[in-house]
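In: Provided below are the primary sequence and the corresponding predicted coordinates.
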Amino acid sequence: MSPKYVGQRISRTEDPRLLTGQALFVDDVNIPGMLHAAFLRSDYAHARLNSIDVSAARSRPGVIAVYTAQDMGDAWQHGPPLVIPPPTIQNMVFHTRTQVPLVKDKVRLIGEPLAVVIAESRYIAEDALEDIIADLQPLEAVGDLERALRPGAPLVHEELGSNLAAHFFQEKGNYKSARQQADLVIQKRILIDRGIAAAMENRGIVAHWDPKSQRLTLWDTTQSPIPIRNGLAGMFGLAEHQVRVIAPFVGGGFGPKIMMFYAEEMVLTWATLQIGRPIKWIEDRRENFYATTQERGQVHDAEMALTSDGRILGVRDSFLHDTGAYDPYGLTIPLNTQCHVLGPYDVPNYYAETTVVFTNRMIATPVRGAGRPQGVFVVERLLDLAARKLDMDRVEIRKRNLLPPDVFPYNNQIIDQAFAPLVLDSGNYLPLLEQAATRIGYQPFIREEQPRLRAEGKHVGIGVVMFIETTGVGPYEGARVTVEASGRISVATGVGTQGQGHFTSFAQIVADQLGVNIRDVELVTGDTAEFHWGTGTFASRGAVVAANAIHAAARAVRGKILRLASKVLEAPEEELELADGQVRVADMPEKSISLGKLAVLANPLRGAVQPGTEPGLEATDYFGPQYGATAAGAHAMILEVDPETMMVEIKRYVAVEDCGTVLNPLILDGQVHGGVALGIGNSYYEKLVFDDNGQLLNASLADYLIAAATEVPRIEVGHGYTLSPLNPLGTKGAGEAGTLPVPALFAQALEDALADHRLEVVEMPLSPNRLFELLQAAQESASGR
Amino acid sequence: MKPSSFKYLAPGTIEEALAIMAAHGYEAKALAGGQSLIPMMNFRLAQPAVMVDLNNLPELAYIRPEQGGGLRMGAMTRQSAIEHSAIILERAPMLHATMPNIAYSQIRNRGTLGGSIAHADPSAELPAVSVALDGRFRIRSHRKERWVPANAFFVGLFTTVLEPDELLVEVELPPMPRRCGWAFTEVARRHHDFALVGAAAAVTVDARGACEQTRLVLFSVGDGPVEAHQAAKMLAGQPPTLEAIRAAAETAARDDVDPGTDINATAEFRRHLVRVLSGRVLTQAFGRAHAQNSSFPA
Amino acid sequence: MDDRHRVTVTVNGAQFQQTVEPRLLLSDFLRHDLGLTGTHVGCEHGVCGACTVLFDGQPVRSCLMFAVQADGHEITTVEGLGTMDQLHPLQEAFRDAHGLQCGFCTPGILLTLIPFLEDNPNPSELEIREAISGNLCRCTGYQHIVDAVQLAAQRTSA
């Protein structure tokens, strides 16, 4: 059967709703009698809460209730750990500390919620926040990772005696002895700072406990509706079937919307259980800077040992990772970092050591990339600096170290974020690198164009980098596929959608299996009343794990269709074909039956269903990969910088991606473009700025800079295709890939553009101001000062 | 992010507006385009008790050419109207060129000329350009009317000479002098952000091509628009050679500004940008002045 | 403070009369008082552009206006463009070129572009990027949005 839809540039079935303003987002939910919540948040990053007086707020007209931690009584509890640390790493230290619904005694991060006001409108609720008197005694705050570990540093969790949240190492081969054989060792301190995901839709919740039906419904901008349902049920003593969590259309996720439980999820659920009326809380943009998780802060001491001909003998990377005030997400991010330092390269010896640090900052959980961009940045920078020392071409040094295509599956001998061995399932890296270099015109640029432009006084630079992305981790997803009497196909799966086009790409798979028009496949995602097994949309896993579950369920239904049709049409199954919503006997078009009629026959009103068979044309199936599928890519860019104003313009951008089977190239290209745009932000625009007291100084979109259309160049996308052997579709994830290499690439191209200034970039993100400082410093050191 | 309550008044005539301003004094806040004020209200950084909405005063929205080549613009003229005005392009090309740098088109559709000037944001373009163009402002209260030159209007951070009962009602720009040139530029992190540093220059040259008058205005480097007087003095009577301009730019950076540090730029970087941008706008402005008379040596 | 004002507003051709508190933002009025939830709110400080609507034909931020100021004016929201069955040509081009992912910023972008394309039916890529530079999108990297605008322009001129 050759696919009609899979692999095609199909426009999306969900778009008409979104384009006409008819798609339901959480803030669009409007229930009669609905109340509105606003949270009082700490202005200090670290403070003792002595007392809190909410009496004036309670008496404001229009205020229904004001709650503090005290009011929650026994319902006040820490959130559960979302990801436990891997059990298989030896000698690991890990201190679990998870977030609280409302601060009881001590504020540990800036913006931590102190109280909630429930009122007739959000306007009144915000008025009432100003009535609350919180007696906070500020404490010295800690944000700097190295300072946090020094004796005498302020403690985020006093009882631990230090700010150490976790410590562990992984080793492959023996780096120490490899280093002794090295001709060259590059040693660098590398810094990566914090940013945010900044989905255009902030978070939001509508929680509705209906006392009459004894049911709780929660509309939530979550990437993981099923774990939220199960967790809330457990937390509040409800049966799982009493709780329905709906993640309707979600206006972008990018990671932080996976987090559970946010304080607001716990508090709103508890509050609606008290009041028995629906309550809405919509995070505003300022809150998004204080109440939604963030990522990226790491300090690396990294070194690479090489031979004189540019071959990597080993890498050592010891880094600090900022987890913020709590660590509910375990070690996912630093494990990803450790894995991605190895990249697509043959690194025979590797020592990776991670120290996770508590700070008075928002909790760190994955933001598109999830620790991987840091790893990519470290290894790519070390390679570039080595190439410079060895006077070797930047593409050439990569070529010399790429894993050859015949080594897969390739075991890197450490474990990944899913606690599975880091096995690269498949890949062919050299063609990706060559394609990127060819498309950007690497050789002609450095030979002809760049010298010519430099002679004109222009500062232009080129970069080419590589990366891998571990994607599509388990444990599993599931799906149910049903042929309805109308002949339409309904598909339900647990993963929600935040813009990835699941309604379309998943429908393509089903339409191909069942021989129907894609417009006749209707998908429901993110509603636990429709499907309640699964984990969520994260880690670039939708197209791998959920898509293969849907594929399996669709195949099972196809089997049922063929069996029944074979009886009805009195023809052997092998002679049947599914097309145009019909089952027909090949070469005998008059012998056919529509899927709708067949569905009716499978669900009779009279007669008996045979023992051992099931009614209907429906199947539920699951897919859980053995381990993750590894995508890879090479990106290249040309940029120009004005070394007087520090303004940078990216002139060209090429992204070559290998994510296995492509379900829908149109959607894939869009994923890559969006990923690159975030990567550009991570390179030169987006950075959270804190002062010494832990105050956030740029908590608005006027001050935290997201790249606009004028900052993002046209991106040329190329492909490689090595199919994953780990799943029937051969897919690998693509959601995060675009983001990973951009800071490393930007750094390389910028150094190249400013070669005459001998610029060295070992930190991200940069900014015009920071670039100015680096150039000043380079000039001073060149002039021997 | 919802604003706190206020009393809303929407006068239908300027006299009515002035009477309300007089009655409410410091409590009242004039609402022009609201594109700076309403964000501050949504953050609850501003909580005015009384809002006096000037948007029902069409008599304050106009662009009027004056005899002799000058211009008068009503304070409630939308920034987009200025951006798309042929008469502005002809008579105040620097103002025209400045407009696209102000925030985004949607903001300019609502934001007003007078609102931006009266708000006196030290990073804003219109205060600086109005100084560079030697504009003056008509200010009215129920008591009196007065004219204030642009370079005497801005007195501090977000502070002007406006009394609580006064409204800025009109901006006047003089005709462009003979043999004049102008240039405007700014460095912003993204294309439409507030400037890290901006520079506006309006110059005239004498019949021999030497510098006659230089008005170099820098912004985002102090409490308001900063005139580079020392730099201007250096150039007076001199042929604007590259060296002379470079020296003037150096002086502007060293002596004329005292910039501060914020999250986007240190004082040192700002000073550096003042040097770079001053050089660029002066070069371009003198270039334009010379181009008006092709008999000047290139 | 009990200061309420009666406003008469024409939205998508239909007239609405409502009583509002002066501080009610126009974005909240459209979404919650009129139920036109296609207008999205992303920042409430005028930067993201998601809440852009046409106010007397011109794109403005509905989060930076009070509903009371709309008295006597005409507003177009995304609900006033095409319908699910009959998309506006620009909406169609957005679908065909994959000019949206999560779709949250899309209504504001559409409304920004409608008058832009009327004034400039054959824009260059640079002009398009400039036109939407006041609308943040976190999903698409803007490229397919640019493609969609070019496609719409092509189809209109064809």
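Out: Nice, I can see it.
In: quick one, what contacts the closest residue to chain B within the stretch 251-400 of chain A?
Out: Among the residues of the stretch 251-400 of chain A, A:Asp284 lies nearest to chain B; the distance is 4.1 Å by C-beta to the nearest C-beta. C-beta coordinates here come from the backbone N, C-alpha and C atoms, glycine included. The contact partners of A:Asp284, by C-beta atoms under 8 Å, 6 or more residues apart in numbering or on different chains, come to A:202, B:1, C:44.
In: show me the contacts for residue 227.
Out: Because you didn't say which chain, this covers chain A. Contacts for A:Pro227 (C-beta under 8 Å, 6+ apart) come out as A:82, A:260, A:535-536.
In: I was after chain B.
Out: By C-beta under 8 Å, 6+ apart, B:Glu227 lies in contact with B:131, B:151, B:215-217, B:256.
In: ok, and the most crowded of these?
Out: Within the contacts of B:Glu227, most neighbours by other C-beta atoms under 10 Å in any protein chain shown means B:Leu216, with 29 neighbours.
In: strands of the stretch 401-550 of chain A, start to end?
Out: Secondary structure of the stretch 401-550 of chain A, counting by DSSP state E, counting those that start in this stretch: strands at A:410-415, A:421-424, A:460-471, A:477-483, A:489-493, A:521-525.
In: for chain B, which of those strands is the nearest?
Out: With C-beta to the nearest C-beta as the criterion, chain B lies closest to strand A:460-471 of those, at 19.3 Å.
In: show me how far that closest one is from its chain's centre.
Out: Centroid displacement of strand A:460-471 relative to its chain, using C-alpha atoms, centre = their mean, to the nearest Å, is 19 Å.
In: need the contacts of B:Glu227 in TSV (columns: secondary structure, pLDDT and distance to chain C).
Out: TSV is the format used below for those (DSSP: H, G, I helix; E, B strand; the rest coil; pLDDT from 0 to 100; distance: C-beta to the nearest C-beta, whole Å):
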residue	secondary structure	pLDDT	distance to chain C
B:Val131	helix	98	26
B:Asn151	helix	97	29
B:Arg215	strand	97	29
B:Leu216	strand	98	28
B:Val217	strand	98	26
B:Asp256	helix	98	32
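In: and of those residues, the nearest to chain A?
Out: Using C-beta to the nearest C-beta, B:Leu216 comes nearest to chain A of these, at 17.4 Å.
In: list every C-alpha atom in stretch A:186-205, with coordinates, as CSV.
Out: Extracted in CSV, the C-alpha atoms of stretch A:186-205 (Å, rounded to 0.1, in the frame of the first residue of the first chain):
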residue,chain,number,x,y,z
ILE,A,186,41.1,23.1,24.9
GLN,A,187,39.9,24.2,28.2
LYS,A,188,37.1,26.7,28.6
ARG,A,189,34.6,28.1,31.1
ILE,A,190,31.3,28.3,29.3
LEU,A,191,28.2,30.2,30.5
ILE,A,192,24.6,29.8,29.4
ASP,A,193,22.0,32.0,31.0
ARG,A,194,18.3,31.8,31.7
GLY,A,195,15.4,32.5,29.4
ILE,A,196,11.8,31.8,29.2
ALA,A,197,9.5,29.9,26.8
ALA,A,198,7.1,32.8,26.4
ALA,A,199,4.3,31.0,24.6
MET,A,200,2.0,33.7,23.2
GLU,A,201,-0.8,32.3,25.3
ASN,A,202,0.0,32.5,29.0
ARG,A,203,-1.1,29.7,31.2
GLY,A,204,-4.7,29.5,32.4
ILE,A,205,-7.1,27.3,34.3
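In: how about stretch A:376-394, which residues are buried there?
Out: By neighbour count on 16 or more other C-beta atoms under 10 Å in any protein chain shown, the buried set for stretch A:376-394 is A:376-388, A:390, A:392, A:394.
In: and for stretch A:38-50?
Out: Judged by neighbour count (16+ other C-beta under 10 Å), stretch A:38-50 contains these buried residues: A:38-42, A:44-47, A:49.
In: show me which pair in these is furthest apart.
Out: Spatial extent of the buried residues of stretch A:38-50 (C-beta to C-beta) is set by the pair A:Ala38 and A:His46 at 23.2 Å.
In: show me the strands in the stretch 251-400 of chain A, by range?
Out: Ranges of strands in the stretch 251-400 of chain A, per DSSP E, counting those that start in this stretch, are A:279-282, A:298-306, A:312-324, A:350-358.
In: kindly report the same for chain C.
Out: Listed in chain order, the strands of chain C (DSSP state E) span residues C:5-11, C:14-20, C:52-55, C:58-61, C:74-76.
In: pLDDT weak spots in chain A?
Out: A:1-2, A:608-609, A:785 (pLDDT under 70).
In: quick one, domains of it?
Out: In terms of domains, chain A is parsed into A:15-22+A:474-623, A:31-139+A:197-291, A:298-473+A:626-782 (source: automatic domain parsing).
In: now swap in chain C and tell me
Out: Domains of chain C are assigned by automatic domain parsing as C:5-80, C:89-157.
In: show me what contacts the residue in chain C that chain A sits nearest to?
Out: Of all residues in chain C, C:Gly38 sits closest to chain A, at 1.8 Å by C-beta to the nearest C-beta. Shown in contact with C:Gly38 (C-beta under 8 Å, 6+ apart): A:20-22, C:77-79, C:107.
In: tell me the one of these nearest chain B?
Out: Comparing the contacts of C:Gly38 against chain B with C-beta to the nearest C-beta picks out C:Pro107 as the nearest, at 13.0 Å.
In: need the contact list for the nearest residue to that closest one once chain neighbours are set aside.
Out: Distances taken as C-beta to C-beta, 6 or more residues apart in numbering or on different chains place C:Val78 nearest to C:Pro107, at 3.6 Å, with adjacent residues excluded. Neighbouring residues of C:Val78 by C-beta under 8 Å, 6+ apart: A:19-21, C:38-39, C:106-107, C:110-111.
In: look up how far C:Gly38 lies from C:Val78.
Out: C:Val78 sits 4 Å away from C:Gly38, going by C-beta to C-beta, to the nearest Å.
In: sorry, back to before: now render the contacts of A:Asp284 as a markdown table, adding neighbour count.
Out: Below are those laid out as a markdown table (neighbours: other C-beta atoms under 10 Å in any protein chain shown):
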| residue | neighbour count |
| --- | --- |
| A:Asn202 | 27 |
| B:Met1 | 23 |
| C:Glu44 | 28 |
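In: in helices, which of the residues you listed fall?
Out: Among the contacts of A:Asp284, no member falls in helices (DSSP state H).
In: possible to save these as a markdown table with distance to B:Gly260?
Out: Output for those, formatted as a markdown table (distance: C-beta to C-beta, whole Å):
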| residue | distance to B:Gly260 |
| --- | --- |
| A:Asn202 | 32 |
| B:Met1 | 27 |
| C:Glu44 | 28 |
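In: for these, which one is nearest B:Pro11?
Out: C:Glu44 (27.2 Å).
In: report the spatially nearest residue to whichever residue of the stretch 151-300 of chain A sits closest to chain C, omitting neighbours in sequence.
Out: Nearest to chain C, among the residues of the stretch 151-300 of chain A, is A:Gly251, at 3.0 Å (C-beta to the nearest C-beta). Nearest non-adjacent residue to A:Gly251, counting by C-beta to C-beta, 6+ apart: A:Glu201, 2.4 Å away.
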